[in-house]
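from the sequence below, what's the structure:
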Amino acid sequence: MLYALREFHYIDLKMNWTDAQQYCREKYTDLATIESMADNNRLKGTESTFTWIGLHDDPLSWKGIGGNERNSWRWSSTGEFTGRDNHNWRQSEPNYARAKQHCVVMNSDTSLDDGDCNWEFYFVCYNAANPPGQRTFVLIQKAMNWTDAREYCRNHHTDLAMMLTEPEARDLGTVKGPHRVWIGMYREPWRWSDNRNSSFKNWRDGEPNNAASAQYCVYFYRDYTWGDSDCSKLFPFWCQTGDKRKLFS
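Numbers count the residues shown, from 1 in each chain. From the prediction side, this is the model:
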């Protein structure tokens, strides 16, 4: 079995992340995608302290109404993107504060915030109905983190609450009462320039941190670790050609 091996190319030109992406797509294949420590260790032999790689967390995909990219908001029960469903975000939210907030909580006034999935809140489950689409909601007055809340809902009901219509949003708000609760919206931050998932990461200590809520692109540090940075910074960068795919067996 043979594979075309992805090759990495160091580009000693200082560009912002978007311009580096365009350069790589025009002259190579794309900005570098790193899927393993073996890949990571091949990015060597430069004197640059910081170099761009292809990992980013495009805010246009998850702020406001959201999008349908891999790092956009989706529902836990279906895995489908929320698209233009109800997004009653509180002012200045979502903000991915400290690069830790990628689960959604509904506030007492029914506005939405992104929150650290390890926080503990009451939560709302839903029960599927027949005919489909007529969901009923149940408030669970046990404080849990988002993952445990989802597991509870899947074991005892259908899943964490999802709402696809304004009436459902109102019903959910009524059921939860004055409480701040988890609902089933979440996202998986970070995706590669070629739109792959980012299961492998090699963050530096304390990274990512989304400092000043403005760091959405990832640099490769000369010690082989990664950090998030303002995408407008000017760094050299790594392009790639080829891919890891089976040619024949």
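
for the residue most central in space within the chain, helix, strand, or coil?
Most central in the chain under CA atoms, centre = their mean is residue 189, positioned 1.6 Å from the mean C-alpha point. The three-state label given to residue 189 by DSSP: H, G, I helix; E, B strand; the rest coil is coil.

flag every buried residue along the host helix or strand of residue 169.
In the assignment (DSSP states H and E), residue 169 maps to helix 166-176. For helix 166-176, the buried set under the neighbour-count rule, 16 or more other CB atoms under 10 Å, comprises 168, 169, 171, 172, 173, 175, 176. For glycine as for every other residue, the C-beta is placed from the backbone atoms N, C-alpha and C.

I'd like these written out as a markdown table, with distance to residue 240 added.
Putting the buried residues of helix 166-176 into a markdown table (distance: CB to CB, whole Å) gives the following:
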| residue | distance to residue 240 |
| --- | --- |
| 168 | 44 |
| 169 | 43 |
| 171 | 48 |
| 172 | 44 |
| 173 | 47 |
| 175 | 49 |
| 176 | 47 |
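
so which of those residues comes closest to residue 71?
Distance to residue 71 across those (CB to CB) is lowest for residue 169, with 23.7 Å.

please report phi then psi for residue 97.
Backbone torsions of residue 97, given as degrees, to the nearest 10, read phi -60, psi 130.

what about it, distance to residue 206?
Here the criterion is CB to CB, to the nearest Å. By it, residue 97 lies 15 Å from residue 206.

can you check residue 22 too?
Distance, residue 22 to residue 206, using CB to CB: 30 Å.

how about residue 70?
From residue 70 to residue 206 the distance is 25 Å (CB to CB).

higher neighbour count, those two?
residue 70 (19 against 7; other CB atoms under 10 Å).

residues touching the residue nearest to that one when sequence neighbours are not counted, list them.
Distances taken as CB to CB, 6 or more residues apart in numbering put residue 191 closest to residue 70, at 4.3 Å, once the chain neighbours are dropped. Applying CB atoms under 8 Å, 6 or more residues apart in numbering to residue 191 gives the contacts 55, 56, 57, 58, 69, 70, 71, 197, 198.

same thing with residue 10?
Each residue near residue 10 by CB under 8 Å, 6+ apart is listed here: 43, 45, 46, 51, 236, 238.

tell me the strands beside the strand or helix carrying it, with direction?
If you go by DSSP H and E, residue 10 is part of strand 7-15. On the basis of DSSP bridges, the sheet neighbours of strand 7-15 come out as strand 235-241 (antiparallel).
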